[in-house]
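Asks: Provided below are the primary sequence and the corresponding predicted coordinates.
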Amino acid sequence: MPLLTVDKACLAFGDVALLDHVDLVVEAREKIALIGRNGAGKSSLLRALAGASKLDDGSIWRQPGLKAAYVAQEPDFPLDRDVFATVADGVGGAARLIAEYHACAQAVANGDEAALARMAELQHELEAGDGWTLHHKVEQVIARLRLDGSAQVASLSGGGVKRVALARALAGEPDLLLLDEPTNHLDIDAIAWLEELIRAHAGAVVVITHDRAFMDAVATRIVELDRGLLASFPGSFSAYQQRKADMLAMEAKTNAEFDKFLAQEEVWIRKGVEARRTRNEGRVRRLESLRLQRAARRDRVGDVGFQVERGEQSGQLIAELTNVGKCFGERWVVRDFSARLMRGDRLGFIGPNGAGKTTLLKLILGELEPDAGSIRRGTKQQVAYFDQFRSVLDPEAMIADVISPGSDYVEIGGTKKHVVGYLGDFLFAPQRARSPVKSLSGGERNRLLLARLFARPANILVLDEPTNDLDVETLELLESLLQDYDGTVFLVSHDRTFLDNVVTQTIASEGDGRWKEYAGGYSDWVRQRPAPGDKPAAKEEKREERREERREEARPAVAGRAVKLGFNEKRELEALPGKISALEAEQATLQKQLADPDVYKNRGGEVVTMNARLEAIEEELLNLLERWELLDKKAAG
């Protein structure tokens, strides 16, 4: 028996149908990812499923007694209370008693004896209404989501507030969990934690997300909202992509055949009648029907036309950092970091929220000066900055004025273009050019910020969380642009697929203010990084243990007896220098290739093999050097 059924749902804003007689069935324990273009109506559909808004037509049937919980993109609860009271709201009617009892218990623990009497009254009320079970559930979910029940919600980061919203939804043990962009503002570790949470959730989940790795990890079905219609694709996001590509190709072919047939009929109606006195009335009626079908057809909205206005080429060196450190108070955010960054590098910054990614970025760009070490910066640098908080967007400003204040034209690639046409490249309709920024959705604001960014000449792009709220197709187009961009890119992102597809190097937080540079993207970093809890010198310690073991093996069985090399050992010793030189040459070649951005663009599939071979060479070199040392000592007696 399904949990929820949508039957012929209709919803429109103005003359655009967001939902056009759509059907949907949600089964128990299903994990559905709801995807679609920005502005397609995904959030409107989710609110309707939650009962927070109504449809224009159609119906939504819910299983009797169904418990549903809805987590909006932005918090829809007061931020001026503590975490415990906010989470307790999720259990329903007993929330007030539970929150007040918790507050009294804290007051008594702090020495307020006056609260003791009220605490006793609340205890009786909770016992009468099975409140203790609910109180335990609230405490359990707070502990599970690693929250501090006494903390003020307003004092938490964006990721912390998102955890509170999830805890509030989970406290009531919902049969159906509805999540709107839950990964926004979460760092990579928190997203991995959320994946585990959703997979382990006993109820069904419908989640709106554009995080492709997240969908592959949690979704059992992909549901796409496209031009007012819903299409269902069983399986992961990767499986959906292949099927969707096939469907679009078939749709394009069918439409082309229809348009060709319609054009032939239009020629007939104009030319055929001239040659004949009587018309084929049936054919005329068919033509009228074809015209109506073509008028009713909703074509896909065009792709975003990304194009970067590239400035003068920067110097070869972007920045050279030597033992750089930066502290705030007693906390070192960057500690003893060295790196050499060159023109054309595409660097990704990975680390938990608050680790200091933005601080490190500002040090590289010269917006902050280090407290230790030195930074040498290159020349002719023109920086364009994408701010995740969209602070440069004035909510009251007109959209066109954001792109080109005081002018109707913007210059792209040496050619003047009308600002309305330029906005059209970013999927803004002409009539919206004079609308205020505050009328835009989150995804549309990000598109506007990208339009503003790319309208300015730059040879260094700094993108701080550009993927929030962007739909999958726009993300893929942005990836393609960045892969072809011949300037320098600094990217702060928690989108693992985006990092893998764009960056050539990764600078990752190792904790305690320490940062380390790795070759490749997110997946390469995962393979190369030390295991949690490993000491920095653990690998060297293991090597030293192996060396000692081999020295023991090399010692003669009888003390004082001279040991001579055998014939085969002599030949092996003579061949070792040549083998070592060959491996070192191969190692140098691979390192040079991995430092070249073109390798990641044109031979991306070989990068994993190259990294694996580098590790194997390092191991082989170690073995050969140890063997050389052993045989050399043995030859010397």
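Replies: Done, it's in.
Asks: ok, Arg221 touching Glu30?
Replies: Yes: the criterion here is Cβ atoms under 8 Å, and Arg221 meets it with Glu30 at 6.3 Å. C-beta coordinates here come from the backbone N, C-alpha and C atoms, glycine included.
Asks: pLDDT weak spots in the stretch 101-250 of the chain?
Replies: The model of the stretch 101-250 of the chain has pLDDT under 70 over residues 124-133, 135, 247-248.
Asks: what ranges does it have for its helices?
Replies: 115-128, 131-144, 158-170, 188-200, 212-218, 237-267 (DSSP state H, counting those that start in this stretch).
Asks: redo these as JSON lines? Include distance to Glu618.
Replies: Shown next, in JSON lines, are the helices of the stretch 101-250 of the chain (distance: least, Cβ to Cβ, whole Å):
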{"stretch": "helix 115-128", "distance to Glu618": "63"}
{"stretch": "helix 131-144", "distance to Glu618": "41"}
{"stretch": "helix 158-170", "distance to Glu618": "37"}
{"stretch": "helix 188-200", "distance to Glu618": "27"}
{"stretch": "helix 212-218", "distance to Glu618": "29"}
{"stretch": "helix 237-267", "distance to Glu618": "33"}
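Asks: TSV for these, including distance to Gly487 and mean neighbour count?
Replies: Listed next are the helices of the stretch 101-250 of the chain as TSV, based on distance: least, Cβ to Cβ, whole Å; neighbours: other Cβ atoms under 10 Å:
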stretch	distance to Gly487	mean neighbour count
helix 115-128	63	14
helix 131-144	45	17
helix 158-170	30	22
helix 188-200	26	17
helix 212-218	26	22
helix 237-267	29	13
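Asks: quick one, which of those helices gets closest to Ala72.
Replies: The minimum distance between Ala72 and the helices of the stretch 101-250 of the chain falls on helix 158-170, with 7.7 Å, by Cβ to Cβ.
Asks: what helices or strands is the closest one leaning on?
Replies: Counting contacts by 3 or more Cβ pairs under 8 Å, 6 or more residues apart in numbering; DSSP states H and E, helix 158-170 is packed against strand 68-71, helix 83-88, helix 131-144, strand 176-180, helix 188-200.
Asks: with distance to Ala167 as extra columns, can I get the ones you listed in a markdown table?
Replies: Shown next, in a markdown table, are the helices and strands packed on helix 158-170 (distance: least, Cβ to Cβ, whole Å):
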| stretch | distance to Ala167 |
| --- | --- |
| strand 68-71 | 10 |
| helix 83-88 | 5 |
| helix 131-144 | 5 |
| strand 176-180 | 12 |
| helix 188-200 | 10 |
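Asks: Arg377: which of the ones you listed is closest?
Replies: Nearest of the helices and strands packed on helix 158-170 to Arg377, taken as Cβ to Cβ: helix 188-200 at 29.0 Å.
Asks: need the contact partners of the closest one.
Replies: Outside helix 188-200, the residues that touch it by Cβ atoms under 8 Å, 6 or more residues apart in numbering are 31, 145, 159, 162-163, 166, 170, 177, 182-183, 186, 205, 207, 211, 214, 217-218, 350, 352-353, 494, 496, 522.
Asks: quick check: mean pLDDT across stretch 386-396?
Replies: Stretch 386-396 shows a mean pLDDT of 71.
Asks: should've said stretch 606-626
Replies: 80.
Asks: buried residues in it?
Replies: Buried residues in stretch 606-626, counting neighbours by 16 or more other Cβ atoms under 10 Å, are found at Val607, Met610, Asn611, Leu614, Ile617, Leu624, Glu626.
Asks: now stretch 318-332
Replies: Under the neighbour-count criterion of 16+ other Cβ under 10 Å, stretch 318-332 has Ile318, Ala319, Glu320, Leu321, Val324, Gly325, Lys326, Trp332 buried.
Asks: and these, which two are the farthest apart?
Replies: That would be Ile318 and Trp332, which, of these, are the farthest apart (Cβ to Cβ) at 23.8 Å.
Asks: just the strands in the stretch 451-600 of the chain please.
Replies: Assigned by DSSP state E, counting those that start in this stretch, the stretch 451-600 of the chain shows strands spanning 460-464, 488-492, 505-511, 514-519.
Asks: out of those strands, which is the most enclosed?
Replies: Of the strands of the stretch 451-600 of the chain, the one with the most neighbours on average (mean count of other Cβ atoms under 10 Å) is strand 488-492, at a mean of 24.
Asks: that one versus strand 460-464: what angle between them?
Replies: If you take axes from the mean of the first three to the mean of the last three Cα atoms, to 10 degrees, strand 488-492 sits at 10 degrees to strand 460-464.
Asks: each with direction, which strands does strand 488-492 pair with?
Replies: strand 346-350 (parallel), strand 460-464 (parallel) (DSSP bridges).
Asks: by mean pLDDT, show me the worst of the ones you listed.
Replies: Mean pLDDT across the strands paired with strand 488-492 is lowest at strand 460-464; the value there is a mean of 89.
Asks: can you count the residues close to Val91?
Replies: As a burial measure, Val91 scores 22 neighbours (other Cβ atoms under 10 Å).
Asks: do Ser289 as well
Replies: 10.
Asks: ok, now Lys362?
Replies: 15.
Asks: with adjacent residues omitted, what lies nearest to it?
Replies: With sequence-adjacent residues excluded and distances taken as Cβ to Cβ, 6 or more residues apart in numbering, Lys362 is closest to Leu368, at 4.3 Å.
Asks: pretty sure that neighbour contacts Leu360?
Replies: No: taking Cβ under 8 Å as the definition, Leu368 is not a contact partner of Leu360, at 9.1 Å.
Asks: which one's more surrounded, these two?
Replies: A count of neighbours by other Cβ under 10 Å puts Leu360 above the other of Leu368 and Leu360, at 26 against 17.
Asks: now the helix or strand hosting the more buried one: buried residues?
Replies: Using DSSP states H and E, Leu360 falls within helix 357-365. Judged by neighbour count (16+ other Cβ under 10 Å), helix 357-365 contains these buried residues: Lys357, Thr358, Thr359, Leu360, Leu361, Leu363, Ile364, Leu365.
Asks: buried residues of whichever helix or strand comes after it, list them for me.
Replies: Sequence-wise, the next helix or strand downstream of helix 357-365 (DSSP H and E) is strand 372-377. Within strand 372-377, the residues scored as buried using 16+ other Cβ under 10 Å are Gly373, Ile375.
Asks: now the spatially most central residue of the chain: phi and psi?
Replies: Closest residue to the average C-alpha location of the chain: Asp495 at 2.2 Å, with Cα atoms, centre = their mean. The phi/psi pair for Asp495 (degrees, to the nearest 10) reads phi -90, psi 110.
Asks: which residues touch the nearest residue to it once chain neighbours are set aside?
Replies: Spatial nearest neighbour of Asp495, excluding adjacent residues (Cβ to Cβ, 6+ apart): Thr467 at 4.3 Å. Counting by Cβ under 8 Å, 6+ apart, Thr467 makes contact with His210, Asp211, Leu475, Ser493, Asp495, Phe498.
Asks: hmm, try it at 7 Å
Replies: Leu475, Ser493, Asp495, Phe498 (Cβ atoms under 7 Å, 6 or more residues apart in numbering).
Asks: fine by me, thanks again.
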